[in-house]
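Undergrad: when you get a sec, could you give me coordinates for this:
(one chain, ligands or ions: 1)
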Amino acid sequence: MDWNGYLDREQARFVDELIDFVRIPSVSAKPENIPDVRRAADWVAARLTRAGAEHAEVLPTAGHPVVCADWLHAGADKPTILIYGHFDVQPAEPLELWRTPPFAPEVRDGCLWGRGASDDKGGMLIPILAVEAMLAATGRLPVNVRFFFEGQEEIGSPDLPPFVAAQRERLKADMIFSADGLQWSPEQPQIVEGLKGLVSLELVVNGPRGDQHSGMQGGGIANPAMALAQLLASMKSADGKITVAGFYDDVVDLTVEDRAAIARIPYDEADYLAESGAHATFGEPGYSTRERLWARPTLDVNGLTSGWQGAGTKTVLPAEARAKITCRLVANQSPERIFDLIAAHVAAHLPQGVTARVERLPGRADPFLVPAGHNASAAAAQVLAEVYGRAPYRTRVGGSIPVMTTLLGELGVHAVMFGFSHGDENLHAPDEFFRLDAFRLGQSAYCRLLERLGAA
Ligand SMILES: [Zn+2]
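TA: Numbering: from 1, shown residues only. Take a look at the predicted model:
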């Protein structure tokens, strides 16, 4: 029997196994679920072994464990690929908003409903089942495969960087595929090529020792709130371009092909505005809204504090004013360099009569961009085109996925997202579900991917 026949024959069992897996409340954020995260790790290691993977092991970190396994008998002339996913889940609260309990998964309308069904238990089970089918059908795999599944993605993978650094040999691979990823729609595949980075900071402007009487001191000394407003205004032009010197220096410009690929994706401005309720789009001139969302850096104020915040008037001249700022960064900007540029901008534009300091806040991520023509990305795109019958959209995401940059930093390999969840599946929300036809399609896609990589 070929792998496709095996997948068809065993599909009902696979769905039952996914139900078993989703039943484990492996909520990484809650201390009371630490044993459940461990139980999920044990489940994954046992499932890998049953699939025919070797050396399946639950490995400790400073927090939740990691599961690794491999199958390395394809030959030295074949590439080694690393497959990533996570077995921890988001908290399920508020429980009363679930139609059926989050950890009592149920199949309805061709979907499996339960916390983690889509993010990422269904997703990470797909490549395990694909490997099982190929091993069952032919006794071998077309490429060498390593598995790397973590239990702390939903809390930002705090212990992953030291783990990956220490386990570089065990994780060494020519290509990395993440089984934690989204398709554009059930009919339309996508390749996510870029993620934004992040730098967080706070700008603090100080004036007098304490808040002052605005009648006694107003006109005599500078107002830190006004000075802060001037500083913030100096960072952006009225039409939305960031005016911090050097801010755009390291940005990888969109090529003509990049812009054509983005323009090909349907975009409805009214729909886009309806998402937020904003009445107009705004941003850096010279770029479409989607280009700005996906491929241009931002500088935004996230919080402002100064002076009297209560009801009515209090005639103070505040002693201090603060702004929390984050910048979403794109390749090849560095959070540290952008922080330095903003600090230099503040020093150079400091209004008279106040002092200012810029402080780093926790929260940093490097931007991520798969290079054009990347081998793993090209293979993934070809497989998606085959299984969906449509060429994938080339997309980017405004958020960050820390593990992608950790893997790039430590292993020197750009991970390619090859996952089969969808953005409408209530990820991180009540009534999470996973489409079972995407579960099945993903298994074929992984088998085809391994075949294609083995034949290359
Ligand atoms: Zn996920």
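
Undergrad: which residues of the stretch 101-250 of the chain lie near the ion?
TA: Selection of the stretch 101-250 of the chain residues close to the ion by CB under 5 Å from the ion yields 119, 120, 180. (Glycine included, C-beta is placed from N, CA and C.)

Undergrad: looking at the stretch 351-456 of the chain, which residue is nearest the ion?
TA: residue 427 (7.2 Å; CB to the ion).

Undergrad: and the closest residue in space to that residue that isn't next to it in sequence, helix, strand or coil?
TA: The shortest distance from residue 427 to any non-neighbouring residue, by CB to CB, 6 or more residues apart in numbering, is to residue 119 (4.4 Å). Classification of residue 119 by DSSP: H, G, I helix; E, B strand; the rest coil places it in helix.

Undergrad: so residue 119 is in contact with residue 423, correct?
TA: No. Using CB atoms under 8 Å as the test, residue 119 is too far from residue 423 to be in contact (10.5 Å).

Undergrad: more crowded one of the two?
TA: Higher neighbour count among residue 119 and residue 423: residue 119, with 26 against 11, using other CB atoms under 10 Å.

Undergrad: contacting residues for the more buried one?
TA: 89, 90, 180, 421, 425, 427, 428, 432 (CB atoms under 8 Å, 6 or more residues apart in numbering).

Undergrad: neighbour-wise, give me the winner out of the residues you listed.
TA: In those, the most neighbours by other CB under 10 Å go to residue 89, 33 neighbours.

Undergrad: pretty sure it sits against residue 29.
TA: No. Here residue 89 does not reach residue 29: they are 9.2 Å apart, not a contact under CB under 8 Å.

Undergrad: pLDDT weak spots in the stretch 251-400 of the chain?
TA: Nowhere does the stretch 251-400 of the chain drop to pLDDT under 70.

Undergrad: strands of that one, start to end?
TA: 300-306, 316-317, 320-329, 355-365, 368-369, 393-397 (DSSP state E, counting those that start in this stretch).

Undergrad: center of this structure, which residue is that?
TA: residue 401 (3.0 Å; CA atoms, centre = their mean).

Undergrad: tell me the contacts of the closest residue in space to it that isn't next to it in sequence?
TA: Distances taken as CB to CB, 6+ apart put residue 195 closest to residue 401, at 5.6 Å, once the chain neighbours are dropped. When contacts are counted by CB under 8 Å, 6+ apart, residue 195 touches 365, 367, 368, 369, 396, 397, 399, 400, 401, 404, 405.

Undergrad: buried subset of these?
TA: 365, 367, 368, 369, 396, 397, 400, 401, 404, 405 (16 or more other CB atoms under 10 Å).

Undergrad: hang on, isn't the second one packed against residue 333?
TA: Yes. Using CB under 8 Å, residue 367 is in contact with residue 333, at 6.0 Å.

Undergrad: quick one: common contacting residues for these two?
TA: Residues touching both residue 367 and residue 333 (CB under 8 Å, 6+ apart) are residue 197.

Undergrad: and residue 107, what element?
TA: strand 106-108 (DSSP states H and E).

Undergrad: which residues does the residue nearest to residue 217 when sequence neighbours are not counted contact?
TA: Among residues not flanking residue 217 along the chain, residue 317 sits closest, at 5.3 Å (CB to CB, 6+ apart). Counting by CB under 8 Å, 6+ apart, residue 317 makes contact with 207, 208, 211, 212, 213, 214, 217, 218, 221, 223.

Undergrad: 7 Å - rerun?
TA: 211, 212, 214, 217, 218, 223 (CB atoms under 7 Å, 6 or more residues apart in numbering).

Undergrad: same check on residue 160?
TA: Counting by CB under 7 Å, 6+ apart, residue 160 touches 150, 152, 403, 406.

Undergrad: quick check: which element contains the third one?
TA: Of the helices and strands defined by DSSP H and E, residue 403 is found in helix 402-411.

Undergrad: so which elements touch that helix?
TA: Under the contact definition 3 or more CB pairs under 7 Å, 6 or more residues apart in numbering; DSSP states H and E, helix 402-411 sits against helix 160-166, helix 168-171, strand 368-369.

Undergrad: is that helix anywhere near the ion?
TA: No. Using CB under 5 Å from the ion, helix 402-411 never reaches the ion; the gap is at least 9.5 Å.

Undergrad: pLDDT (mean, whole number) over the helix or strand just after that helix?
TA: The C-terminal neighbour of helix 402-411 among helices and strands, as given by DSSP H and E, is strand 415-417. The average pLDDT for strand 415-417 rounds to 96.

Undergrad: who does strand 415-417 pair with, and is each partner parallel or antiparallel?
TA: strand 175-178 (parallel) (DSSP bridges).

Undergrad: all helices of the stretch 201-350 of the chain, in order?
TA: Secondary structure of the stretch 201-350 of the chain (DSSP state H, counting those that start in this stretch): helices at 224-233, 256-263, 269-276, 289-295, 335-348.

Undergrad: nearest residue to residue 358 in space, please, no chain neighbours.
TA: In space, not counting the residues next to it along the chain, residue 358 is nearest to residue 343; the distance is 4.4 Å by CB to CB, 6+ apart.

Undergrad: how does this structure divide into domains?
TA: 3-195+367-455, 197-251+297-364 (automatic domain parsing).

Undergrad: could you identify which of these is most buried?
TA: Highest mean neighbour count of those: domain 3-195+367-455, a mean of 20 (counted as mean count of other CB atoms under 10 Å).

Undergrad: compute the first-to-last residue distance for that domain.
TA: 16 Å (CA to CA, to the nearest Å).

Undergrad: and what of stretch 46-56?
TA: Termini of stretch 46-56 sit 7 Å apart (CA to CA).

Undergrad: ok now that stretch, how far from the chain's centre?
TA: Remark: stretch 46-56 is offset 28 Å from the chain centroid, using CA atoms, centre = their mean, to the nearest Å.

Undergrad: same question, stretch 134-151
TA: In this view, stretch 134-151 has its centroid 25 Å away from the chain centroid, taken as CA atoms, centre = their mean.

Undergrad: got it, and stretch 159-170?
TA: 19 Å.

Undergrad: mean confidence for that stretch?
TA: 96.
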